[in-house]
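> This is the structure alone, sequence omitted:
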């Protein structure tokens with residue numbers, strides 16, 4: 001039973017990481033007049049607010065600086 005709970009938690013965490021990375025890529029791809037519209041620091045702050053995480057945690061997720069063996 002404990003393994004099942006851990007597996008579901010890992011799957012949920014993996015989905016959250018994927019969602020954060022997809023949203024980061026989407027915001028980075030937005031351009032206006034041929035120039036990236038949003039600065040990376042703004043994007044990280046926006047994702048931190050949206051996903052209830054600290055900016056440092058968002059950076060770790062985006063740049064794969066986490067110590068979790070999820071992927």
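Perfect, thanks for sending it. Owing to the predicted nature of the structure, the values given are computational and were not obtained by experimental measurement.

> alpha carbons only for contacts and neighbour counts from here, please
Noted.

> what's the distance between the most centrally placed residue in the chain and residue 59?
Nearest to the mean C-alpha position of the chain, by C-alpha atoms, centre = their mean, lies residue 20 at 2.7 Å. Distance from residue 20 to residue 59, counting by C-alpha to C-alpha, to the nearest Å: 10 Å.

> I figured the residue nearest to the centre of the chain hits residue 64, correct?
No - under the criterion of C-alpha atoms under 8 Å, residue 20 makes no contact with residue 64, lying 11.5 Å away.

> got the residue ranges for the helices in this protein?
Ranges of helices in the chain, per DSSP state H, are 2-29, 40-51, 55-62.

> Any buried residues in the helix or strand of the chain with the lowest mean pLDDT, and which?
Counting by mean pLDDT, DSSP states H and E, the weakest-scoring helix or strand in the chain turns out to be helix 2-29, with a mean of 92. Buried residues in helix 2-29, defined by neighbour count with 16 or more other C-alpha atoms under 10 Å: 10, 14, 17, 20-21, 24, 27.

> Residue 44: which of those is nearest?
residue 24 (7.8 Å; C-alpha to C-alpha).

> which one is the closest one nearest to, not counting chain neighbours?
Nearest residue to residue 24 in three dimensions, chain neighbours excluded: residue 43, at 6.9 Å (C-alpha to C-alpha, 6 or more residues apart in numbering).

> One more: residue 51?
Using C-alpha to C-alpha, 6+ apart, the nearest residue to residue 51 is residue 20, at 7.8 Å.

> Could you pull up the residues touching that neighbour?
Contacts for residue 20 (C-alpha atoms under 8 Å, 6 or more residues apart in numbering) come out as 47, 51, 58, 61-62.
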